[in-house]
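K.L.:
Sequence and predicted structure are below.
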Amino acid sequence: MNVVLWIVQGLLAVAFAGAGVLKLTKPRSELQPRMPYVEDFSDGTIKLVGAMELLAAIGLVLPWLTGIATVLTPLAASGLVLVMVLAALTHLRRKEHPGIGFNLLLGGLALFVALGRF
């Protein structure tokens with residue numbers, strides 16, 4: 001089970017680190033073709049979400065890897081569950097139904113990590 005958790009943690013970390021870096025480094029105009037929901041949020045909110053995704057990606061791996069403050073790993077995963085629920089609600093409101101499935105998949109994987117590491 002530990003190996004499966006590590007694999008899921010790694011995959012989630014890569015996905016959220018990538019998304020976070022994109023949101024932190026690209027202007028909204030460059031994000032909009034692939035992420036049309038950004039038009040509903042301010043630049044500051046988009047950067048905040050990007051920073052939280054990047055920090056959560058680090059939190060998914062680093063504490064458990066180093067053995068220091070390991071409780072941060074399931075807390076990071078729990079935070080990502082919340083982010084994915086809110087993202088799914090945003091897609092639902094915007095009638096972007098394909099995005100909802102992806103959010104639920106990532107949220108489910110994050111919940112698996114949170115429960116497995118608590």
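P.N.:
Sure thing, it's come through.

K.L.:
Just the CA trace of the helix or strand of the chain with the lowest mean pLDDT, in PDB.
P.N.:
Lowest by mean pLDDT, DSSP states H and E among the helices and strands of the chain is helix 28-31, with a mean of 91. Extracted C-alpha coordinates of helix 28-31, given in PDB (Å, rounded to 0.1, in the frame of the first residue of the first chain):
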ATOM      1  CA  ARG A  28      -4.400  35.300 -17.800                       C
ATOM      2  CA  SER A  29      -4.600  35.900 -21.600                       C
ATOM      3  CA  GLU A  30      -2.200  33.000 -22.200                       C
ATOM      4  CA  LEU A  31      -4.100  30.700 -19.700                       C
END
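
K.L.:
For the helix or strand hosting Val81, which helices and strands make contact with it?
P.N.:
Using DSSP states H and E, the element containing Val81 is helix 72-93. Counting contacts by 3 or more CB pairs under 8 Å, 6 or more residues apart in numbering; DSSP states H and E, helix 72-93 packs against helix 2-25, helix 43-66, helix 97-117. Any C-beta I mention is one placed from the backbone N, CA and C, and that applies to glycine too.
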